[in-house]
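# A predicted structure for the sequence below; I have some questions about it.
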Amino acid sequence: MSITTALQQQHRQCDEFLAQAESAARAAQWGDCVTATQVFCQMTEAHFALEEESLFPAFEQATGMSGGPTQVMRGEHAQARDLMQGLQDAAQNWDADDFIGCAETLLILLQQHNMKEENILYPMCDRSIPEFAERIA
Amino acid sequence: MFQPEFSLPVALPLRFFRTAPIWLALVALLAFGLDESDWQQRFSPAMLALTHLLMLGFVGNIMIGALLQVSAVLAGVKATNPVFWGQLLWLALQGGAALLAAGLWHMQPIWLQAAAVILFTSLGGLALWLLIALWRSGVATPLRWAIVGLGLTALSGVLLVSLLSTGWPAIALNDLLRAHIALGSIAWVVGLIIAVAFTVVPMFLVAPAWPSRLNCYLSLALLATVLAAALDARLLMLLALPVLSWLLALLKLLRHSQRRADPARYLWGWGGFNLLLVTVLIPWMDQWSSLLSTPSQAPIMLAAYFLFAGVLPIITAMLAKIIPFLLWMDFRLKIKSGGGLRHMGQLFPERWLKKLAYLCFSMGISFFPLYLLAFKSIPIILIIYAVALSYCIESALSIQNKAKILQS
């Protein structure tokens, strides 16, 4: 399995949990919402950690591109983390408006972020560090 | 691909979006003064003036704002001095719309000619510049055909003014008029809605991507059908085919959207359905208008339904996502993390969109009975919608400004 395919799957799984959490918040099922939010945040954090601690350094080392796309992605991860914190706070406080606002912004941010990774960065990784695919298979 | 960092200065599209509801409110105020015969005759000077104020002032401002934003985001198309050129375009659109409406209302050829020159130079120039830039960028194909629609609408408009005031060119007035209406409403407005939907629906409603063939060929097919219908009225019935293809794909995407309770989802579906309904009814207008006690009302009913039940819900769904996201991104580009503005819901809460959506549904559902039985009440609904939309846009902007001031 290529880097693109494996990490694309992780994106889809994260999207599903975020959508589940948002649906639960809309239905005021706060127990489900808190659980789905926790799973989503843990999965997303693990995905970000894999990229920031392993994938991006390997890519930067192989290509010498340390200030390019990986820096942009790190910046967007920071924005997503802010929103994930907001999501968790809103779920704990049972604040539907705040939760929906955070979830919507995060979904849109992640959609455009994921598109950039899946269409540009991951294919570049597949070409420059193909051996990395074994580590995430 | 959606790349918000390539966005224009946010003030530029916002200038167009903020102006649009003012024109709608003005149309509503002027419509209070119309008498019953004005409401029944599509070619009465007052009705012609109001139609152009609606299409240029209200819809035009929103569509040009969206076009500039989408072109920048999808293809990185930006003028070297976007704020200056954007302001000039904004001024030309407002001036041209006002002059055209005044010229039609008072039937003053010189005002019409001046308006035609201003609008053709500005909108035609914009279309040409965008087409060249998009051609060079090699992306955003669906957008190109909508822009061709805009250019041809401006061209047919200037020819209409010329024909009416000088008798040149020697084209049958009805044929030129049909071409102008079809190009303006379907090739330009619906064409741009379709092009925007290709980006906005998957992104904001977290739905699957559009089928690639539709993405490549639908906008071109729509433009080709409109051109065919402009040449021969019998081909108007073909218009429903591209719109139907789009609606079926849209409904499939909406069914798979992961944001199922989002009001924008219903607005897209409702608007798309009504656009199709209008394209199905157009070719049979003579048949069903004979059922009315005043058959001359039929074209006005259909045009107004196209606008209020087809275009308006989609515009509402677009603006309610695009404006807060642009403002939030603009804030985030300045303040990378933290700050008082955590998410776009603080700028444009979903309950605002719900209220706007109820207004849109009410307008669409009640339009035919109101037009036939209580036409005087239509401007009241238009004013309520215009004030509500303006309130949402201005509030979002004010919240963002306050957050920026607090942060600095």
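Arrived safely, thanks for sending.
# in what helix or strand does residue B:51 lie?
Using DSSP states H and E, residue B:51 maps to helix B:45-52.
# show me how far that helix is from its chain's centre.
How far helix B:45-52 lies from its chain's middle: 17 Å, per Cα atoms, centre = their mean, to the nearest Å.
# I would like the residues contacting that helix, please.
B:27, B:30-31, B:34, B:38-39, B:41-42, B:97, B:100-102, B:104-107, B:300, B:303 (Cβ atoms under 8 Å, 6 or more residues apart in numbering or on different chains). Backbone N, C-alpha and C define where each C-beta goes, glycine included.
# next helix or strand past it?
helix B:61-75.
# quick one: the helix or strand that that following helix is followed by to helix B:45-52, angle?
As assigned by DSSP H and E, the chain's next helix or strand after helix B:61-75 is helix B:82-106. Orientation of helix B:82-106 against helix B:45-52 (axes from the mean of the first three to the mean of the last three Cα atoms, to 10 degrees) gives an angle of 160 degrees.
# and helix B:82-106, what's its mean pLDDT?
Averaged over helix B:82-106, pLDDT sits at 97.
# now do the buried residues in that helix.
Residues of helix B:82-106 classed as buried under the neighbour-count rule (16 or more other Cβ atoms under 10 Å in any protein chain shown) are B:82, B:85-86, B:89-90, B:92-94, B:96-105.
# the residue of chain A found nearest chain B sits in which helix or strand?
Nearest residue of chain A to chain B (Cβ to the nearest Cβ) works out as residue A:101 at 1.9 Å. According to DSSP H and E, residue A:101 maps onto helix A:96-116.
# what residues of the helix or strand following that helix count as buried?
Later in the chain than helix A:96-116, the nearest helix or strand by DSSP H and E is helix A:122-128. Buried residues in helix A:122-128, counted by 16+ other Cβ under 10 Å: A:122, A:124-125, A:128.
# now the residue positioned nearest the centre of chain A: which helix or strand?
For chain A, the residue nearest the mean C-alpha position is residue A:44 (4.5 Å; Cα atoms, centre = their mean). Using DSSP H and E, residue A:44 sits in helix A:30-49.
# can you name the residue of the stretch 151-300 of chain B nearest to chain A?
For the stretch 151-300 of chain B, Cβ to the nearest Cβ, closest residue to chain A: residue B:258, 3.7 Å.
# remind me which residues of chain B are low pLDDT?
For chain B, residues meeting the criterion pLDDT under 70 lie at B:1-7.
# other SSEs contacting the top helix by length along it?
Of all segments of type helix in chain B, defined using DSSP state H, the longest is helix B:378-407. Judged by 3 or more Cβ pairs under 8 Å, 6 or more residues apart in numbering or on different chains; DSSP states H and E, helix B:378-407 is in contact with helix B:11-32, helix B:312-334, helix B:350-373.
# and that helix, what's buried?
In helix B:378-407, counting by 16+ other Cβ under 10 Å, buried: B:378-379, B:381-383, B:385-386, B:388-390, B:392-393, B:396-397, B:399-400, B:403-404.
# the residue of chain B found nearest chain A and residue B:324, how far apart?
Residue of chain B nearest chain A, by Cβ to the nearest Cβ: residue B:345 (1.9 Å). Distance, residue B:345 to residue B:324, using Cβ to Cβ, to the nearest Å: 8 Å.
# out of those two, which sits in the busier spot?
Per other Cβ atoms under 10 Å in any protein chain shown, whichever of residue B:345 and residue B:324 has more neighbours is residue B:324, with 28 against 23.
# near chain B, which residues of chain A show up?
A:15-16, A:19, A:22-23, A:26, A:72, A:75, A:78-79, A:82-83, A:86, A:97-98, A:100-102, A:104-108, A:111-112, A:115-116, A:119 (Cβ under 8 Å from any Cβ of the partner chain).
# can you pull out the residues in contact with stretch A:76-86?
In contact with stretch A:76-86 (Cβ under 8 Å, 6+ apart) are residues A:40-41, A:44-45, A:48, A:51-52, A:98, A:102, A:105-106, A:109-110, A:113, B:332, B:336-338, B:342-343.
# likewise stretch B:115-131?
B:56, B:64, B:67, B:71, B:77, B:79, B:88-89, B:92-93, B:95-97, B:99-100, B:103, B:144, B:147-148, B:150-151, B:153-155, B:157-158, B:161-162.
# also stretch B:279-296?
With Cβ under 8 Å, 6+ apart, stretch B:279-296 has contacts from B:40-42, B:186, B:234, B:236-237, B:239-240, B:243, B:297-299, B:302, B:372.
# ditto for stretch A:111-126
By Cβ under 8 Å, 6+ apart, stretch A:111-126 touches A:2-4, A:7-8, A:11, A:55, A:58-59, A:63, A:69-70, A:72-73, A:76, A:80, A:132-133, B:1-4, B:202-203, B:206.
# out of those residues, which are buried?
For the contacts of stretch A:111-126, buried by 16+ other Cβ under 10 Å: A:2-4, A:7-8, A:11, A:55, A:58-59, A:63, A:69-70, A:72-73, A:76, A:80, A:132-133, B:2, B:4, B:202-203, B:206.
# now, those that are in helices?
Going by DSSP H, the helices hold A:3-4, A:7-8, A:11, A:58-59, A:63, A:69-70, A:72-73, A:76, A:80, A:133, B:202-203 from those.
# re earlier: within reach of chain A, which of the buried residues of helix B:82-106 are there?
Applying Cβ under 8 Å from any Cβ to the buried residues of helix B:82-106, none is adjacent to chain A.
# leaving out chain neighbours, which residue sits closest to residue B:353?
residue B:320 (4.3 Å; Cβ to Cβ, 6 or more residues apart in numbering or on different chains).
# try residue B:110
Per Cβ to Cβ, 6+ apart, closest to residue B:110 is residue B:103, 7.8 Å.
# how near is that neighbour to residue B:24?
20 Å.
# wait, doesn't residue B:378 sit right on residue B:368?
No - with contacts counted by Cβ atoms under 8 Å, residue B:378 stays clear of residue B:368, the gap being 11.0 Å.
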